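S.K.: Sequence first, predicted coordinates after that:
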Amino acid sequence: MSPENIEIGIIGGSGLYHLDNLTIERKVNPETPWGFPSDEIIIARASSGVKVAFLARHGKGHFLNPSEVPSKANIAALKFLGCKVILAFSAVGSLREEIAPTHFAIPNQIIDRTKGIRPSTYFESGLVAHTSFADPFDNNLIDLVYDLRNDFPNITFHKNKTLVCMEGPAFSTRAESNMYRSFGGDLINMSVVPEAKLAKEAEIAYCMVCMSTDYDAWRENSEGVNVEEVMKTMKTNSENARLLLATLIDKVHFSLNDKEGTVNLNSLVGSNRYSCVTDKSKRDPELVKKLDYILPGYF
Ligand SMILES: CSC[C@H]1O[C@H](OP(=O)(O)O)[C@H](O)[C@@H]1O
Ligand SMILES: Nc1ncnc2[nH]cnc12
C-alpha cells in the first residue's frame with residue numbers, strides 16, 4: 001500500500017466525471033502491474049476533511065467504451081492508494097415500471113451477460129484462486145447507503161434489486177430487454193462486471209449506486225433508449241449523486257473508524273487468504289509479485 005492511505009474510493013460513470021462540491025487536492029496516476037487506470041485519480045477532500053480518491057470510469061471526456069475500461073488497473077490503483085471501500089456510480093436502464101428515471105437503486109445481485117472479452121480476474125496465468133461471489137456487493141455498505149434515504153426526500157431509493165450487465169456498447173433489443181425481465185433482472189448497465197468481481201478479489205467493500213436514466217427497450221409503446229435520453233436524465237441524477245456523496249462519505253468514514261464497530265465494512269479483509277488452489281511449487285513467482293500490489297504477503 002502507498003503512504004496515501006485514502007480509505008474511500010469513488011468511481012463515477014456516465015455523466016459523473018467530477019465532484020464539484022469536493023476540494024481537489026491533487027491528481028495521481030499510479031502505474032499498477034496491470035497498467036494505468038482509466039484516467040488520473042483525483043484526491044479530494046469533503047467539507048469535513050475526509051479524503052477520497054475519485055476516478056472517472058470511462059475517463060474524463062468519456063473516451064473508453066464499457067468493454068475497454070481497464071478495470072484491473074482501476075481497482076488495483078484504488079486498493080494501492082488505501083481504499084477499503086468503493087462507492088461506484090452508474091447510469092442504468094430500468095427493467096421495472098416502479099423504478100422510474102431519476103430513481104436511485106442499490107442492487108444486491110448481478111446477472112452477468114458480458115461476453116468474456118473483458119479481463120476479469122487477477123487470478124490467472126500462474127496462480128488460480130476462487131473468490132466467493134454469491135453476494136457480489138457488500139451488504140452492510142448497501143444498508144448504509146439505503147439508510148440515508150430519509151435524509152434525501154427528493155430522491156426515491158430502491159434496494160434488493162438485480163442488475164444485469166450486458167456487453168454493449170449498443171443497447172439491448174426489445175427481445176433481450178424482455179428476456180432480462182423474465183430472468184428476474186430489475187436494472188441494466190454495461191459496467192458492473194468485472195468491476196465488482198475485481199473489488200471482491202482485492203477484498204474491497206463495494207456497492208453500486210444505480211441511477212435510473214431510462215426504461216431500456218421493453219415497453220411496447222415507447223421508443224427504445226438512446227444516449228440523448230440517458231444524458232438528459234443524468235443532469236438531475238449527477239446533481240443528486242453529489243449531494244448524496246457529501247453525506248455518504250462522512251458516514252462511511254465514521255463506520256470505517258468506529259471503535260464500536262456498529263457497521264462492519266471490513267468483512268472481506270482476509271477473505272482471499274486461503275482462496276488459492278495452486279500448489280506453492282506451481283505458482284508463477286512473477287504473478288505472486290504482481291499480486292503483492294493488492295494482497296501483500298498472501299501468496
Ligand atoms: C451512456 S449510456 C450507456 C453507458 O452508461 C452506463 O455507464 P456507467 O455505468 O459508467 O454510468 C452503462 O454501463 C454504459 O456504459
Ligand atoms: N438501457 C440501458 N442499457 C444498458 N446500459 C445503460 N445505461 C443507461 N441506460 C442503459
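M.R.: Arrived safely. Ligands and ions are numbered 1, 2, ... in the order given.
S.K.: got the contact list for the nearest residue to residue 105 once chain neighbours are set aside?
M.R.: Take residue 105 and drop its neighbours on the chain: the residue closest to it by CB to CB, 6 or more residues apart in numbering is residue 158, 4.0 Å away. C-betas here are computed from N, CA, C, even on glycine. Counting by CB atoms under 8 Å, 6 or more residues apart in numbering, residue 158 touches 98, 99, 103, 104, 105, 106, 186.
S.K.: If we use 7 Å, what do you get?
M.R.: The contact partners of residue 158, taken as CB atoms under 7 Å, 6 or more residues apart in numbering, are 99, 103, 105.
S.K.: In CSV, list the residues you listed along with distance to ligand 1.
M.R.: Formatted as CSV, the contacts of residue 158 follow (distance: CB to the nearest ligand atom, whole Å):
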residue, distance to ligand 1
99, 15
103, 15
105, 13
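S.K.: Ranking by neighbours, what's the top pick from those residues?
M.R.: residue 105 (26 neighbours; other CB atoms under 10 Å).
S.K.: does it really touch residue 209, like I thought?
M.R.: No. Counting by CB atoms under 7 Å, residue 105 does not reach residue 209; the two are 8.1 Å apart.
S.K.: Need the nearest residue in space to residue 90, chain neighbours excluded.
M.R.: Excluding its sequence neighbours, the residue lying closest to residue 90 (CB to CB, 6+ apart) is residue 13, at 4.4 Å.
S.K.: And the pLDDT for the one you found?
M.R.: pLDDT, residue 13: 97.
S.K.: measure it to ligand 1 for me?
M.R.: 2 Å (CB to the nearest ligand atom, to the nearest Å).
S.K.: quick one: contacts for that residue?
M.R.: Taking CB under 7 Å, 6+ apart, one finds 57, 89, 90, 91, 191 in contact with residue 13.
S.K.: Can you name the residues of the stretch 151-299 of the chain sitting close to ligand 2?
M.R.: Residues of the stretch 151-299 of the chain lying close to ligand 2 by CB under 6 Å from any ligand atom are 166, 171, 188, 189, 190, 213, 214, 216, 225, 230.
S.K.: who wins for neighbours among these?
M.R.: The residue in these with the most neighbours, by other CB under 10 Å, is residue 188 (30 neighbours).
S.K.: Count the residues that sit near residue 146.
M.R.: 18.
S.K.: ditto for residue 227
M.R.: Residue 227 has 14 neighbouring residues, counting by other CB under 10 Å.
S.K.: and the residue of the protein nearest ligand 2?
M.R.: residue 93 (2.3 Å; CB to the nearest ligand atom).
S.K.: mind listing what that residue touches?
M.R.: Counted by CB under 7 Å, 6+ apart, residue 93 has contacts 187, 188, 213, 214, 215, 216, 225.
S.K.: Quick check, pLDDT for residue 21.
M.R.: pLDDT, residue 21: 88.
S.K.: ignore the last one, residue 252
M.R.: The per-residue pLDDT reported for residue 252 equals 97.
S.K.: isn't it right up against residue 8?
M.R.: Yes. Assessed by CB under 7 Å, residue 252 is found in contact with residue 8 at 5.5 Å.
S.K.: what residues are shared contacts of those two?
M.R.: residue 85.
S.K.: picking that back up, can you tell me if whichever helix or strand the residue of the chain closest to ligand 2 is part of touches ligand 1.
M.R.: Residue 93 belongs to strand 85-94 when assigned by DSSP states H and E. Yes. Judged by CB under 6 Å from any ligand atom, strand 85-94 and ligand 1 are in contact via 90, 91.
S.K.: one step back: can you put the residues of the stretch 151-299 of the chain next to ligand 2 in a markdown table and add distance to residue 178, secondary structure and pLDDT?
M.R.: Formatted as a markdown table, those follow (distance: CB to CB, whole Å; DSSP: H, G, I helix; E, B strand; the rest coil; pLDDT from 0 to 100):
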| residue | distance to residue 178 | secondary structure | pLDDT |
| --- | --- | --- | --- |
| 166 | 14 | strand | 98 |
| 171 | 14 | coil | 98 |
| 188 | 12 | strand | 98 |
| 189 | 17 | strand | 98 |
| 190 | 18 | coil | 98 |
| 213 | 19 | strand | 97 |
| 214 | 15 | strand | 97 |
| 216 | 10 | coil | 97 |
| 225 | 14 | coil | 92 |
| 230 | 20 | helix | 93 |
